[in-house]
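**Q** Mind folding the following:
(3 chains)
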Amino acid sequence: MLLTLDLVGIFVFAISGGLVAVRNQLDIVGVVVLAMATGLGGGVIRDVVIGAVPPPAIADWRYLLIPVVAGLVTFWLHPAVGRLEREINVFDAFGLGLFCVAGALKAQEYGLGPAPSAALGMVTGVGGGIIRDLLAGRIPVIFRHGELYAIPALAGAAIAATGAELGVAHAVIIAPAALVTTGWRLIADQRGWRAPVPRLGPPSS
Amino acid sequence: MLLTLDLVGIFVFAISGGLVAVRNQLDIVGVVVLAMATGLGGGVIRDVVIGAVPPPAIADWRYLLIPVVAGLVTFWLHPAVGRLEREINVFDAFGLGLFCVAGALKAQEYGLGPAPSAALGMVTGVGGGIIRDLLAGRIPVIFRHGELYAIPALAGAAIAATGAELGVAHAVIIAPAALVTTGWRLIADQRGWRAPVPRLGPPSS
Amino acid sequence: MLLTLDLVGIFVFAISGGLVAVRNQLDIVGVVVLAMATGLGGGVIRDVVIGAVPPPAIADWRYLLIPVVAGLVTFWLHPAVGRLEREINVFDAFGLGLFCVAGALKAQEYGLGPAPSAALGMVTGVGGGIIRDLLAGRIPVIFRHGELYAIPALAGAAIAATGAELGVAHAVIIAPAALVTTGWRLIADQRGWRAPVPRLGPPSS
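**A** As a prediction, the model looks like this:
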């Protein structure tokens, strides 16, 4: 079941990458590559950093296939896909929760302490989107708009990493930790909560 | 002989990186770094992902020296080098064919299946150009213009990976697989074949 | 003492990342992530490439904590921090010297020859700033302005790598090699020395 959830999360992330590519008028190569980078990028960074190579996201063809399909679907059906953006955002919040928690637990299994595991869990959740934005030529959205995305991701990852460090079984910790991320993200989105931006104008450069 | 071909491919890729840097008015550091990143980047990404570290492109000083020379040549002789762009494109197509096939075969030797090996072969061929464009502050050209570059690269890599999986000797598979990439690339370039771009305008954002 | 120097260097690099983020009007997530990427990025790239994973910069919570603190300090006190830019540049030159030399020596310990070790030492010193600039949506400054930053970094790294290759004790080589980088950088900055840029206009594209 975790595999299925993981693949669904990758699919949704990949759709978001494909949509950014279509809106930037990229060609089919750009759409598929951005879909793959968004769906798989966070997990690949985590795996390379902890030494889990080759990353399953690359060695297992199912992980490769899913974002390719998502990219092609977005390429051909982008007007319909674009109209589903509200629904995609909800699935994206669930994918984020799952990725952060799974990423933190994998880092912890590779011997990292709770703070690094929490950080790598967050990277698992937000890394794909950062790569997507770099490839599309824009500053990563999670840095710019004060949208609460990375902070809920870090919270869920930290809960999972701390729980695992304290010996709580994975089966027990996954759902509540992921729900903190997903719930915080969804509520923040709905209510328009914002992360702070620097006060005053920027200092003269 | 493969080493020589490999070094020639790196040299040509590095020239393309140096030209992009010169045209963006970068200084000598930028020209040399873009030359190195373009010549070596794809192979380094592949090696890091499959766990072949330190990558030969970094551990072997000949691989480091070649793109530095290419960068310096481009820096000092860029008007002449720029006029050779048509010839450089032809060599580039040969370098692309070689890199994709060699990359796919190396991934397969490290135990990856045919689909991941084909994907990593393509990454070996196109990764350096993507890094070059990111460092130069532009959206990667292979995503934008519908130019047939990544798709022929994937085709050659897939043929090589499939052949190796079926037990065909490397010596037998390398030339035909590379020629598929190189030939397709050259013919597409000459005839103006294009990869599809999204139909209609992009959906409202 | 080396650990303390290392942490001071990370702190100063991270401040520079935070300032770039504040000046680009990024939110608190962007400020902290840019601080972390600038402070830790060069060392993480080096470690991933030589196979020293997980990198201490990620596995050791002190390395994670320092740039987070630097990012938060910059976020809240950026007008004051921005006025200290001249002082920060001096500390930055010391951090650069230390990072390049330590990076080259670590690569050498992992079995790389002097040329690759020197190259990776330079990457350790300048990699974080390159990532910072990519994340902030600008062409890396070390490629653009002809400022002498990467070249002094390479010089110190090369001295350290060559010394270690010749069997000179680390304790003997570190200070002079780092001072070459730091001194060259500071003098070049004060006197306005510049790296060359391409002569003439760029060739027609």
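**Q** C-alpha only now, for contacts and for neighbours.
**A** OK.
**Q** Identify the residue nearest the geometric centre of chain A.
**A** A centroid search over chain A (CA atoms, centre = their mean) returns residue A:125, at 3.1 Å, as the residue closest to the centre.
**Q** which stretch of helix or strand covers it?
**A** Residue A:125 belongs to helix A:114-135 when assigned by DSSP states H and E.
**Q** check whether that helix contacts chain C.
**A** Yes. Using CA under 8 Å from any CA of the partner chain, helix A:114-135 comes into contact with chain C via A:115, A:116, A:134.
**Q** wait, does that helix make contact with chain B?
**A** Yes. Contact of helix A:114-135 with chain B (CA under 8 Å from any CA) involves A:134, A:135.
**Q** elements contacting whichever helix or strand comes after that helix?
**A** Later in the chain than helix A:114-135, the nearest helix or strand by DSSP H and E is helix A:141-144. With contacts taken as 3 or more CA pairs under 8 Å, 6 or more residues apart in numbering or on different chains; DSSP states H and E, helix A:141-144 sits against helix A:114-135, helix C:28-50.
**Q** Mind checking the pLDDT average for the longest one?
**A** I take that to be helix C:28-50. Averaging pLDDT along helix C:28-50 gives 97.
**Q** which parts of it are buried?
**A** With burial defined by 16 or more other CA atoms under 10 Å in any protein chain shown, the residues of helix C:28-50 counted as buried are C:28-50.
**Q** Output the contacting helices and strands for it.
**A** In terms of contacts (3+ CA pairs under 8 Å, 6+ apart), helix C:28-50 is packed against helix A:141-144, helix C:2-23, helix C:56-59, helix C:61-83, helix C:85-109, helix C:114-135.
**Q** Next, the buried residues of the fifth one.
**A** Neighbour counts using 16+ other CA under 10 Å place C:85, C:88-108 of helix C:85-109 among the buried residues.
**Q** which secondary structure elements does that helix contact?
**A** Contacts defined by 3+ CA pairs under 8 Å, 6+ apart place helix C:85-109 against helix C:2-23, helix C:28-50, helix C:114-135, helix C:150-165, helix C:170-191.
**Q** The last one packs against which elements?
**A** If I follow you right, that is helix C:170-191. Packing contacts for helix C:170-191, counted by 3+ CA pairs under 8 Å, 6+ apart, involve helix C:85-109, helix C:150-165.
**Q** Which residues does that helix contact?
**A** Residues outside helix C:170-191 that contact it (CA atoms under 8 Å, 6 or more residues apart in numbering or on different chains) are C:90, C:93-94, C:96-98, C:100-102, C:105, C:147-149, C:152-157, C:159-160, C:163-164, C:194.
**Q** Test for you: state the pLDDT assigned to residue A:205.
**A** pLDDT, residue A:205: 47.
**Q** related to what we said a few turns ago, lowest average pLDDT across the helices and strands packed on helix C:170-191?
**A** Comparing mean pLDDT across these, the weakest is helix C:85-109, with a mean of 94.
**Q** could you give the angle of that one to helix C:114-135?
**A** Relative orientation of helix C:85-109 and helix C:114-135, computed by axes from the mean of the first three to the mean of the last three CA atoms, to 10 degrees: 140 degrees.
**Q** And residue A:22, how far from chain C?
**A** To chain C, residue A:22 is 20 Å away according to CA to the nearest CA, to the nearest Å.
**Q** Can you list the neighbours in contact with stretch A:93-105?
**A** For stretch A:93-105, contacts defined as CA under 8 Å, 6+ apart pick out A:5-6, A:8-10, A:12-13, A:43, A:46, A:117-126, A:153-154, A:156-158, A:160-161, A:164, A:170, A:174, A:177-183, A:185-186.
**Q** Selection in ChimeraX covering whichever of those residues are buried, please.
**A** Remark: buried members of the contacts of stretch A:93-105, expressed as a ChimeraX selection using 16+ other CA under 10 Å:
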select /A:8,9,10,12,13,43,46,117,118,119,120,121,122,123,124,125,126,153,154,156,157,158,160,161,164,174,177,178,179,180,181,182,183,185,186
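**Q** wouldn't residue A:21 be in contact with residue A:34 here?
**A** Yes. Look at residue A:21 against residue A:34 with CA atoms under 8 Å: they come within range, at 6.5 Å.
**Q** C-alpha coordinates for stretch A:141-155, PDB please?
**A** Only the C-alpha atoms of stretch A:141-155 are listed here, as PDB (Å, rounded to 0.1, in the frame of the first residue of the first chain):
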ATOM      1  CA  VAL A 141       8.000  29.300  -5.600                       C
ATOM      2  CA  ILE A 142       8.500  27.900  -2.100                       C
ATOM      3  CA  PHE A 143      11.000  30.700  -1.400                       C
ATOM      4  CA  ARG A 144       8.900  33.600  -2.700                       C
ATOM      5  CA  HIS A 145       5.300  33.800  -1.800                       C
ATOM      6  CA  GLY A 146       5.300  33.000   1.800                       C
ATOM      7  CA  GLU A 147       3.100  30.100   1.000                       C
ATOM      8  CA  LEU A 148       3.300  27.500   3.800                       C
ATOM      9  CA  TYR A 149       4.800  24.600   2.100                       C
ATOM     10  CA  ALA A 150       8.300  23.800   3.300                       C
ATOM     11  CA  ILE A 151       7.400  24.600   7.000                       C
ATOM     12  CA  PRO A 152       4.600  22.000   7.300                       C
ATOM     13  CA  ALA A 153       6.900  19.600   5.400                       C
ATOM     14  CA  LEU A 154       9.600  20.100   8.000                       C
ATOM     15  CA  ALA A 155       7.100  19.700  10.800                       C
END
